[in-house]
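*Asks:* structure for this input, please:
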Amino acid sequence: MIRKAFTLSIILLYIGTGLVRQVDSLHDREDAIRYVRDNLMARKNEFTIIVDKDTLKQLLEDDDFLNAAALIDDKFTSADADYLKATVISWTARWSMLGSNRARLHFMADYRTTAEQELLLDGYLADVLASLDIGDASDFDKIKAIHDYIINVAAYDQSLTRYSAYDLFAENSAVCLGYAAAAYRLFTDAGIECRIIAGTAGEEEHVWNIVKLEGKWYNIDLTWDDPLTGSGEAIISYDFFLKNAEDFSCHTRAAEYSTEEFLKSHRLTETSYVTALN
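*Replies:* Numbering: from 1, shown residues only. The predicted model follows:
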């Protein structure tokens with residue numbers, strides 16, 4: 001379970017132009033959002049951008065900068081998009097006018113990982129994929145291999161202090177967000193379309209994934225497929241592996257993953273994937 005704390009504080013501060021060094025302004029909303037994204041990916045705790053007044057107006061029309069940054073999905077990395085959103089604990093933004101036609105936006109952010117940890121995680125992910133040797137495997141075999149690998153190496157963090165994919169690989173333990181984030185990185189790097197889904201399960205806040213297989217989207221919950229046993233024995237379950245909505249009914253999505261637009265673009269399969277599993 002994980003309680004997300006994505007926050008925004010827009011504070012109006014009218015200050016003199018002489019207090020800020022004059023720099024070139026960004027004149028496009030997309031350029032501004034990409035700049036925010038790049039700084040979040042670099043794990044910058046504080047950064048500033050200068051925009052013209054028209055761009056500021058565009059930004060403030062939809063002021064959830066984190067979601068906007070997460071919509072930029074570079075196909076050459078798995079560290080952005082849903083994964084980026086999952087690694088930001090909280091953020092704030094303050095803007096102030098610089099004369100009549102420019103504004104400064106100052107961001108502060110906290111993260112679940114450091115830049116150094118992200119570099120180590122990149123190495124872990126590359127080593128895992130090399131060891132699995134699934135480059136020529138079918139998409140089903142890729143999904144199953146990654147599912148089984150994560151469950152074999154990880155245990156649910158009962159201290160509820162490890163939330164990241166880095167924790168899962170470095171400490172072999174994480175809560176559901178760590179499982180889902182690690183799965184997202186590996187699935188994406190293996191060429192499997194994947195999303196991180198937040199909501200509730202068992203009346204508690206929870207995070208899981210959906211994956212695309214043979215043109216259809218399926219639910220997959222690695223955390224619940226890694227049950228805690230009384231004996232401490234590590235086992236792999238497939239009770240929540242490639243399921244349709246009916247067979248996943250104990251999970252309820254958060255509102256942003258239940259919109260008509262999201263459901264249309266990520267249409268779930270009508271039937272769960274049925275195959276021999278061992």
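*Asks:* output the below-cut-off pLDDT ranges for this protein.
*Replies:* Counting by pLDDT under 70, the chain contains low-confidence ranges at 1-24, 229-232, 276, 278.
*Asks:* got the residue ranges for the helices in it?
*Replies:* With helices called from DSSP state H, the chain shows them at 29-41, 53-61, 65-70, 81-87, 115-132, 139-153, 165-171, 176-189, 260-265.
*Asks:* buried sites along the second one?
*Replies:* Same thing as helix 53-61. By neighbour count on 16 or more other C-beta atoms under 10 Å, the buried set for helix 53-61 is Thr55, Leu56, Gln58, Leu59. Backbone N, C-alpha and C define where each C-beta goes, glycine included.
*Asks:* want to throw those residues into TSV with distance to Trp95?
*Replies:* Shown next, in TSV, are those (distance: C-beta to C-beta, whole Å):
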residue	distance to Trp95
Thr55	11
Leu56	7
Gln58	13
Leu59	8
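*Asks:* out of those residues, what pair is the most spread apart?
*Replies:* Using C-beta to C-beta, the buried residues of helix 53-61 span at most 7.3 Å, a distance reached by Leu56 and Gln58.
*Asks:* domains in the chain, by residue range?
*Replies:* Listed by automatic domain parsing, the domain ranges of the chain are 12-111, 116-265.
*Asks:* now these in a markdown table, with distance to Ser272?
*Replies:* Below are these laid out as a markdown table (distance: least, C-beta to C-beta, whole Å):
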| stretch | distance to Ser272 |
| --- | --- |
| domain 12-111 | 23 |
| domain 116-265 | 5 |
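*Asks:* closest to Tyr273 out of the ones you listed?
*Replies:* Among the domains of the chain, the nearest to Tyr273 by C-beta to C-beta is domain 116-265 (3.6 Å).
*Asks:* now, among the buried residues of helix 53-61, which is nearest to Gly123?
*Replies:* Comparing the buried residues of helix 53-61 against Gly123 with C-beta to C-beta places Leu59 closest, at 35.6 Å.
*Asks:* residues touching that closest one, list them.
*Replies:* Neighbouring residues of Leu59 by C-beta atoms under 8 Å, 6 or more residues apart in numbering: Arg29, Ala32, Ile33, Val51, Phe65, Leu105.
*Asks:* check the gap between it and Leu98 for me.
*Replies:* Distance of Leu59 to Leu98, given as C-beta to C-beta, to the nearest Å: 15 Å.
*Asks:* next one: Val175
*Replies:* For Val175, the distance to Leu98 (C-beta to C-beta) stands at 43 Å.
*Asks:* same deal with Lys216?
*Replies:* Noted for Lys216: a distance of 51 Å to Leu98, by C-beta to C-beta.
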